[in-house]
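Enquirer: Compute the structure for the input listed below.
(2 chains)
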Protein chains: 2
Amino acid sequence: LIAVDWGTSNFRAFRLDKDGKILERRFHPGGILRVEGGRFAEMLLAQVGDWLDDGEDRILLCGMIGSRQGWIEASYIPCPARIADIAAAVVRAPFERADVLLVPGVIGKDRSGVPEVMRGEETEAFGMMELCGPDGLICLPGTHSKWIQMRDSAIASFNTWMTGEVFAALRNGTILGRLMTSEGAVDNDTFLRGVNRSAETGGILHHLFGVRTLGLLHHLEEQNAASYLSGLLIGHEVRAAMPAGTHVHLAGATQVRSLYALAIEACGGFCAIEEGDVAVRGLTAIGRKLSWI
Amino acid sequence: LIAVDWGTSNFRAFRLDKDGKILERRFHPGGILRVEGGRFAEMLLAQVGDWLDDGEDRILLCGMIGSRQGWIEASYIPCPARIADIAAAVVRAPFERADVLLVPGVIGKDRSGVPEVMRGEETEAFGMMELCGPDGLICLPGTHSKWIQMRDSAIASFNTWMTGEVFAALRNGTILGRLMTSEGAVDNDTFLRGVNRSAETGGILHHLFGVRTLGLLHHLEEQNAASYLSGLLIGHEVRAAMPAGTHVHLAGATQVRSLYALAIEACGGFCAIEEGDVAVRGLTAIGRKLSWI
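Expert: Predicted coordinates:
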């Protein structure tokens, strides 16, 4: 089985043996936004053609490749979604050299009835089930952070926070960014000051102005302003997403994951970190349901 | 008296008679950011030189012209700030042809002890006192909205929300902006949907993703997405700034003011709109305290 996590910005392919062990991997910055004229088949062949020559004939794809902007649209399946529901709804893409199947996204509603969608994170959530068991709250931080409630081995519900994208927009497009001199590492103490600030009254739109006034009055060093802003936004997300005292299962890239772990603990939660590649693990699990592995 | 409101983006000058009546006005897009090399005196002379020729010899300036980036820094005075405190703290700028005084800004703290500053809005607040009397809650919407609590004829406290600037940054720098096709007028019904959404759980960072999903699922028309986003952000501001049932005194540019009036009423407040030029009225009041008028 060849497992591929193909998102907006990146292409990551894995050659797996019959036990789901990773034999080889390929990385390419060819996310779907960079593939011109719908030439997804050509791009896939260029990346994994030698594995096909070597006998592989099954490819399972997850991520934005299954969206309207991707290769072929794999419609969202509704919550509660089990791994069997996902496996039953995969969509075939036209490809001569192998069987190619696309994993569908999942659609749900928030507590107020507003729609929620995801594509790629459902696979990561199933990849994390081994860690968190059939029930648990999963946090997948990122540009659009997802908090996924697993219940009885199904994705029961999930919610999105646009934290990463809003951070970038504020940094690039407001007076706050002009204060931020450093691209350096996050200062954890300042990050936690931001997280603690998020508990106070006034809301984000008010708290943001404090980034400016604290700098103006020399209560916040310029090189730490980005750390404070990051803590402020992630703090608001975590407080809204997580009831205090909750156990959270956390995955994601190392740096952002460690910030979320700090914030979750500062907001009264408990955190278990999944270090492995949860997308590959999820694709393996879906592959098993398809009897492809 | 020549009264000048000189902010970051604009220069507005008014020639007043002894009763504070406006005789003539000048507008120039020469905010302090566009004045190069500190040539503020030259710019002022170019704008109002003919009034000086005509006998005027006193100029009172308010706004960012008194900031560190402006002509001469007029230090912030602390809350509670009365009009007499402001008048006692004006700063003289070097200018041959007339006496030039700069109005200081005001500094305070929010309920959590984080600093607040303003420069220009204190003058507008004193200009509104005739409307709201010695006590009242004033809302001055804009790039950085100010909510100012007047008590016993003083600025008792105030808070800032970065609503206007965040709206622009989200529109220009996130996926939400790419959905927004129209630069057209705000649709009031959609604006109010956004205001109502701001009352629901999850916070702004979550509600923002709804702009995307509602569009994706055709529950929100592209040409109305900006109206919804505007309602969402202004709704969050108003709910945080205003206890329900409060009477609010509102000024500002016509379009933004009418949106805030809608939001204040939708959030359970009552709204009195000040149609006049509150900056000029405030400069007149400070001029009187200086016995300049």
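
Enquirer: going forward, measure contacts and count neighbours with C-alpha atoms only.
Expert: OK.

Enquirer: Apart from its chain neighbours, what residue comes closest to residue A:111?
Expert: residue B:201 (7.6 Å; CA to CA, 6 or more residues apart in numbering or on different chains).

Enquirer: Tell me how many other residues surround the one you found.
Expert: 14 (other CA atoms under 10 Å in any protein chain shown).

Enquirer: Where does it sit, in terms of helix or strand?
Expert: Counting by DSSP states H and E, there is no helix or strand that carries residue B:201.

Enquirer: Any idea which helix or strand in chain A has the lowest mean pLDDT?
Expert: In chain A, no helix or strand scores lower on mean pLDDT, DSSP states H and E than helix A:175-178, which sits at a mean of 90.

Enquirer: Now that helix: buried residues?
Expert: By 16 or more other CA atoms under 10 Å in any protein chain shown, the buried positions in helix A:175-178 come out as A:176, A:177.

Enquirer: again with stretch A:10-17
Expert: A:10, A:11, A:12, A:13, A:14, A:15, A:16.

Enquirer: What is the burial count for the closest residue to residue A:141 other than its chain neighbours?
Expert: In this structure, residue A:141 finds its nearest non-sequential neighbour in residue A:252, 6.2 Å apart by CA to CA, 6+ apart. By the criterion of other CA under 10 Å, residue A:252 has 21 neighbours.

Enquirer: thinking residue A:252 is in contact with residue A:144, fair?
Expert: No: the pair residue A:252 and residue A:144 fails to qualify as a contact (CA atoms under 8 Å) at a distance of 12.0 Å.

Enquirer: which residues does residue A:161 contact?
Expert: Shown in contact with residue A:161 (CA atoms under 8 Å, 6 or more residues apart in numbering or on different chains): A:144, A:145, A:146, A:237, B:205, B:206, B:207, B:208, B:209.

Enquirer: Out of the residues you listed, which sit inside strands?
Expert: Using DSSP state E, the subset of the contacts of residue A:161 located in strands is A:145, A:146.

Enquirer: Please spell out the ChimeraX selection for the buried subset of the contacts of residue A:161.
Expert: Those of the contacts of residue A:161 that count as buried under 16+ other CA under 10 Å are selected in ChimeraX with:
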select /A:144,145,146,237 /B:205,206,207,208,209
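
Enquirer: Flag every residue of the stretch 51-200 of chain A that's near chain B.
Expert: A:111-112, A:114-117, A:159-163, A:165-166, A:168-170, A:172-174, A:200 (CA under 8 Å from any CA of the partner chain).

Enquirer: same thing but 7 Å
Expert: A:112, A:114-116, A:160-163, A:165, A:169-170, A:173-174, A:200 (CA under 7 Å from any CA of the partner chain).

Enquirer: Looking at the residues you listed, which are in helices?
Expert: A:163, A:165, A:169, A:170, A:173 (DSSP state H).

Enquirer: Residue B:25: which of these is nearest?
Expert: residue A:173 (33.3 Å; CA to CA).

Enquirer: And the residue of chain A most remote from its centre, how close does it get to residue B:105?
Expert: Most distant from the centre of chain A: residue A:217, at 37.2 Å, with distances by CA atoms, centre = their mean. In this view, residue A:217 and residue B:105 are 14 Å apart by CA to CA, to the nearest Å.

Enquirer: Check residue A:53 too.
Expert: 73 Å.

Enquirer: More neighbours: the two, which one.
Expert: residue B:105 (27 against 10).

Enquirer: where exactly do the helices run in the stretch 101-250 of chain A?
Expert: A:121-132, A:163-173, A:175-178, A:188-197, A:204-216, A:225-241 (DSSP state H, counting those that start in this stretch).

Enquirer: got the angle between the fourth one and helix A:204-216?
Expert: In terms of direction (axes from the mean of the first three to the mean of the last three CA atoms, to 10 degrees), helix A:188-197 departs from helix A:204-216 by 140 degrees.

Enquirer: chain center to helix A:188-197: distance?
Expert: 23 Å (CA atoms, centre = their mean, to the nearest Å).

Enquirer: again, but for the fifth one
Expert: The chain centroid and the centroid of helix A:204-216 are separated by 28 Å, computed with CA atoms, centre = their mean.

Enquirer: which outside residues touch that helix?
Expert: Helix A:204-216 is contacted from outside by A:176, A:220-222, A:225, A:229, B:114-117, B:160-163, B:237, using CA atoms under 7 Å, 6 or more residues apart in numbering or on different chains.

Enquirer: Name only those of those that count as buried.
Expert: The buried subset of the contacts of helix A:204-216 (16+ other CA under 10 Å) comprises A:176, A:220-222, A:225, A:229, B:114-117, B:160-163, B:237.

Enquirer: So which of those is the closest to residue A:192?
Expert: Out of the buried ones among the contacts of helix A:204-216, the member with the shortest distance to residue A:192 (by CA to CA) is residue A:229, at 10.1 Å.

Enquirer: Now do the contacts for the closest one.
Expert: A:194, A:211.

Enquirer: quick one: residue A:240 and residue B:202 touch, right?
Expert: Yes: using CA atoms under 7 Å, residue A:240 is in contact with residue B:202, at 5.1 Å.

Enquirer: Pick out whichever of the two has more residues nearby.
Expert: Neighbour totals were compared for residue A:240 and residue B:202, and residue B:202 leads with 21 against 17 (other CA under 10 Å).

Enquirer: most surrounded residue in the ones in helices among the residues of the stretch 51-200 of chain A next to chain B?
Expert: residue A:163 (25 neighbours).

Enquirer: so how far is residue A:258 from that residue?
Expert: To residue A:258, residue A:163 is 15 Å away according to CA to CA.

Enquirer: One more: residue A:101?
Expert: For residue A:101, the distance to residue A:258 - CA to CA - is 34 Å.
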